[in-house]
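Q: missing the sequence, but the structure's below:
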């Protein structure tokens, strides 16, 4: 399994970045935790939910990937000095400003092969136009790696994301770079409230739920894991 950086983008708040990151970290731990280190880089300074959940369980680094170059240098140094590691970067809202200024330099070192990592981008979306336009802006500056937009079904069924479909037809960046569009399952509101407010990992959340809610949560977790299973089948190297 080649060491990989998984960037969970979105460019704005409220699209499900934290939820995707939490489930992704747990998926990687469950499947690859015995052979790889899972390292979270938390870039959300104002509301670091994912970092708080995992800070006592896995390596967690805090780095502000904004227009200041300091956070980018820190992140690059951590990655360059690590081995046998799967990195999850949980991006903050308005991260597009940092990407605009430093994204090209950051990915160039991976594109050159000097730092032997794969880069994979997950991009949770709601149904608004800026979910797509921010992705286009990201792709304009980050020319390396696989890209997977994620239709967050909390905001509707796949067929409701008509704006993405329309804009895709007219976007050279989306057509040339998007590998596949994924659908992330919605979690029932009552259970989602327990999950969000509890500040717990998935296994810890299951333990504190009643029998029926726990079973519903596990069913949702299985569906969410399957989203990653289809794209994160790493080959041993």
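A: Thanks, I have it. Treat the numbers as computed from the prediction; the structure is a model and nothing was measured.

Q: what about residue 57, neighbour count?
A: When neighbours are counted by other C-beta atoms under 10 Å, residue 57 registers 14. (C-beta placed from N, C-alpha, C; glycine too.)

Q: can you give me the strands for the protein?
A: Secondary structure of the chain by DSSP state E: the strands cover 4-8, 37-42, 60-62, 85-90, 118-125, 146-152, 182-184.

Q: got a list of contacts for the lengthiest helix in the chain?
A: Secondary structure of the chain per DSSP state H: the longest helix is helix 211-229. When contacts are defined by C-beta atoms under 8 Å, 6 or more residues apart in numbering, helix 211-229 is touched by residues 23-24, 27, 30, 150, 182-185, 187-188, 190-191, 194-195, 202, 205-206, 209.

Q: now do the same contact list for the residue lying closest to residue 61 once chain neighbours are set aside.
A: Using C-beta to C-beta, 6 or more residues apart in numbering and skipping residues adjacent in sequence, the residue nearest residue 61 is residue 41, 5.1 Å away. By C-beta under 8 Å, 6+ apart, the contact set of residue 41 is 60, 61, 62, 63, 75, 78, 87, 88, 89, 90.

Q: same check on residue 89?
A: 5, 6, 7, 8, 41, 43, 65, 75.

Q: mind putting these into JSON lines with pLDDT and distance to residue 50?
A: Shown next, in JSON lines, are those (pLDDT from 0 to 100; distance: C-beta to C-beta, whole Å):
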{"residue": "5", "pLDDT": "95", "distance to residue 50": "15"}
{"residue": "6", "pLDDT": "96", "distance to residue 50": "12"}
{"residue": "7", "pLDDT": "96", "distance to residue 50": "13"}
{"residue": "8", "pLDDT": "97", "distance to residue 50": "9"}
{"residue": "41", "pLDDT": "97", "distance to residue 50": "10"}
{"residue": "43", "pLDDT": "94", "distance to residue 50": "10"}
{"residue": "65", "pLDDT": "92", "distance to residue 50": "14"}
{"residue": "75", "pLDDT": "94", "distance to residue 50": "15"}
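
Q: and those, which is closest to residue 112?
A: In terms of C-beta to C-beta, no member of these lies closer to residue 112 than residue 5, at 14.7 Å.

Q: need the contact list for that closest one.
A: If a contact means C-beta under 8 Å, 6+ apart, then residue 5 has 79, 87, 89, 110, 117, 118, 119, 120 as its contacts.

Q: residue 232: which of those is nearest?
A: Nearest member of these to residue 232, counting by C-beta to C-beta, is residue 120, at 7.7 Å.
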